[in-house]
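K.L.:
Here you go, sequence then predicted model.
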Amino acid sequence: MGDTSNLPIDGARLWTDLMDLAAITDPDRPYTRRSFSALFLEGRTWLSRRFQEAGLDVRIDAGGNLIGRMEGSDPAGRTIMIGSHSDTVPSGGRFDGTAGVITALEVVRSLRDAGRTTRHAIEVVDFLAEEPSEYGLSCVGSRAMTGMLPAQMAGYQDGRGEKLLDAIDRVGGRIDRIGDARRDDIAAFFELHIEQGIVLETGGIDLGLVTSIAGIARIEVIFEGRADHAGTTPMGLRSDAGVAAAQCVCAVSELAASYASANRGHFVATAGVVDISPNAANVVPGRARLLLDIRSEDRVFTHEFLKELDARTRDIATACRVERPGWTVLSDTTPSLCDPDLLDLLRQGADDLGFSTLCMASGAGHDAAFLTHVAPAAMVFVPCRDGRSHAPEEWAEPDAIAAGAATIYEAVLRFDARRPQDTQDQES
């Protein structure tokens, strides 16, 4: 790691806020702060207070995104946006998402501390529900901000029957005015995130510059068999949806392994949710529901995989004497390219601060992937220990996060210092 003793941001203040936000968690399942939950709202209250203390104007937009705004000197200027998300997966970590939100806040605070006034307005954003929510959808807030949250998705329900649209309203959004969340004034978007992998740590590299973000498809598969007594129903007469589900899990893994070895970029697939009912030890499963996650840099490759897996699950259903009434594409996002010009500004900032960089793709999804549809966007990765993420053991060193935050600070200043005409040319 390069020298972090004289950075333009306050690394100690950033770290303290990260740990304070992490403490807002389910004590029995650290670190859990699920979107739409009471703990999530408590975290949002904490963030709002920090935003206000930094002198930001705070609001929640129609899509449920928490936004703190510092006006720029040019009333006609556009907006530089920095942020990430504060929700977590169950028993997640202290850095995934939150490091990006607190970095954004620290950039603005450091600008104020230095007495700098930017020409652009700067917004700090905590996007709603970046992680897969109980409604079967991720990146809810960034979808809304980019006009990519259709009514069909807003109607998705959680296990209790609450619709996503009602949940958005419940956390302060306005589903009846969801179109107001869409932005066309963003000049540049920056996001810091832990790598969630081991490339940077293994290579001894300080920072990753993200060139592309894999597209993600999520599929719901349902098998319907017949619930029977597990002790009296002969094996040859069963319609066991659980066996079909197990074979589906294996098919996803085997097929994904073959696609990953095809040398067409990053490709992974996971059967992350398997619900069996009636879920009793002495009952043959009558129904199985699976949620599949497929990620690739190549959208055509993803669709080839889905076509082949669709056929395989039909064959599995036939072999197991069950029906396959459900094959639903819940979401299918395109791979996203980060903006080369913003990446160059980040590289310049890192170079001047003495930090090494590596251009790399992201296999994980991020809010930045949606922002690329309405604005130039770029990401900075910081190393995380052993590549662990989505787990309590998730860890990033304070100096690593400070280095990433300082690099974004420098990139923001470089972008803001451009002549208005240069900025307009870059945005077009």
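P.N.:
Arrived safely. Owing to the predicted nature of the structure, the values given are computational and were not obtained by experimental measurement. Residues are numbered from 1 along each chain as shown.
K.L.:
least trustworthy helix or strand in the protein by mean pLDDT?
P.N.:
Among the secondary structure pieces of the chain, namely its helices and strands, helix 420-427 has the lowest mean (mean pLDDT, DSSP states H and E), a mean of 59.
K.L.:
Not counting its neighbours along the chain, what's nearest the residue nearest the centre of the chain?
P.N.:
Taking Cα atoms, centre = their mean as the criterion, His366 is the residue nearest the geometric centre of the chain, at 3.4 Å. Nearest-residue entry for His366: Ile213, 5.8 Å, with adjacent residues in sequence omitted and distances by Cβ to Cβ, 6 or more residues apart in numbering. The C-beta positions use only the backbone N, C-alpha and C, and glycine is treated the same way.
K.L.:
just Arg238 next, same as before
P.N.:
Nearest residue to Arg238 in three dimensions, chain neighbours excluded: Val284, at 5.4 Å (Cβ to Cβ, 6+ apart).
K.L.:
now Thr233
P.N.:
Nearest residue to Thr233, sequence neighbours excluded (Cβ to Cβ, 6+ apart): Val284, at 5.9 Å.
K.L.:
wouldn't that neighbour be in contact with Thr232 here?
P.N.:
No: assessed by Cβ atoms under 8 Å, Val284 is found out of contact with Thr232, at 9.9 Å.
K.L.:
and these two? which has more neighbours close in?
P.N.:
When Val284 and Thr232 are compared on other Cβ atoms under 10 Å, the one with more neighbours turns out to be Val284, at 23 against 8.
K.L.:
before we move on, the earlier item: ramachandran angles for the residue nearest to Thr233?
P.N.:
Main-chain torsions, Val284, degrees, to the nearest 10: phi -60, psi 130.
K.L.:
residues touching it, list them.
P.N.:
Gly225, Arg226, Ala227, Asp228, His229, Ala230, Thr233, Arg238, Ser239, Asp240, Gly242 (Cβ atoms under 8 Å, 6 or more residues apart in numbering).
K.L.:
What distance do you get for the residue nearest to Arg238 to Leu209?
P.N.:
When Cβ to Cβ, to the nearest Å is the yardstick, Val284 and Leu209 sit 53 Å from each other.
K.L.:
Then Gly203?
P.N.:
Gly203 sits 13 Å away from Leu209 when distances are taken as Cβ to Cβ.
K.L.:
And for the residue lying closest to Leu337 once chain neighbours are set aside, the neighbour number?
P.N.:
Computed as Cβ to Cβ, 6+ apart, the closest residue to Leu337 that is not its neighbour in sequence is Ser212, at 5.2 Å. If you count neighbours by other Cβ under 10 Å, Ser212 ends up with 19.
K.L.:
can you tell me the helix or strand for Ser212?
P.N.:
When secondary structure is defined using DSSP states H and E, the element that contains Ser212 is strand 207-213.
K.L.:
Ok, Leu292 next?
P.N.:
Element membership of Leu292, judged by DSSP H and E, is strand 287-296.
K.L.:
same deal with Arg69?
P.N.:
Following DSSP H and E, one finds Arg69 within strand 66-70.
K.L.:
ok, then the element right after that strand?
P.N.:
Reading on from strand 66-70 to the C-terminus, the next helix or strand found by DSSP H and E is strand 79-85.
K.L.:
now the angle from that next one to strand 66-70?
P.N.:
Per axes from the mean of the first three to the mean of the last three Cα atoms, to 10 degrees, the angle that strand 79-85 makes with strand 66-70 is 150 degrees.
K.L.:
What helices and strands are in contact with strand 79-85?
P.N.:
Packing partners of strand 79-85 (3 or more Cβ pairs under 8 Å, 6 or more residues apart in numbering; DSSP states H and E): helix 98-113, strand 121-127, strand 186-194, helix 367-371, helix 398-417.
K.L.:
Export the ones you listed as TSV, with columns for mean pLDDT and mean neighbour count.
P.N.:
Formatted as TSV, the helices and strands packed on strand 79-85 follow (pLDDT from 0 to 100; neighbours: other Cβ atoms under 10 Å):
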stretch	mean pLDDT	mean neighbour count
helix 98-113	98	25
strand 121-127	98	26
strand 186-194	98	27
helix 367-371	97	28
helix 398-417	98	24
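K.L.:
Make a markdown table from those and add distance to Val382 to it.
P.N.:
Rendered in a markdown table, the data for those read as follows (distance: least, Cβ to Cβ, whole Å):
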| stretch | distance to Val382 |
| --- | --- |
| helix 98-113 | 7 |
| strand 121-127 | 18 |
| strand 186-194 | 6 |
| helix 367-371 | 15 |
| helix 398-417 | 4 |
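K.L.:
Gly272 is nearest to which of those?
P.N.:
Comparing the helices and strands packed on strand 79-85 against Gly272 with Cβ to Cβ, the closest turns out to be helix 367-371 (18.9 Å).
K.L.:
Can you tell me what sits against the closest one?
P.N.:
Contacts with helix 367-371, where a contact means Cβ under 8 Å, 6+ apart, come from 81, 83-85, 127, 130, 139, 141-143, 145-146, 148, 186, 189, 191, 210, 213, 215, 333, 336, 338, 377-379.
K.L.:
Please repeat the previous calculation with a cut-off of 6 Å.
P.N.:
Helix 367-371 is contacted by residues Phe127, Glu130, Cys139, Ser142, Arg143, Thr146, Phe189, Glu191, Ile213, Ser336, Ala377, Met379 when judged by Cβ atoms under 6 Å, 6 or more residues apart in numbering.
K.L.:
and what of stretch 30-45?
P.N.:
With contacts defined as Cβ under 6 Å, 6+ apart, stretch 30-45 is touched by 22, 24-26, 66, 86-88, 90-94, 129, 133, 167, 171, 392.
K.L.:
State the pLDDT value of the closest residue to Arg109 other than its chain neighbours.
P.N.:
The spatial neighbour of Arg109 that comes closest, neighbours along the chain excluded (Cβ to Cβ, 6+ apart), is Ala54 at 5.0 Å. Each residue has a pLDDT score; the one for Ala54 is 98.
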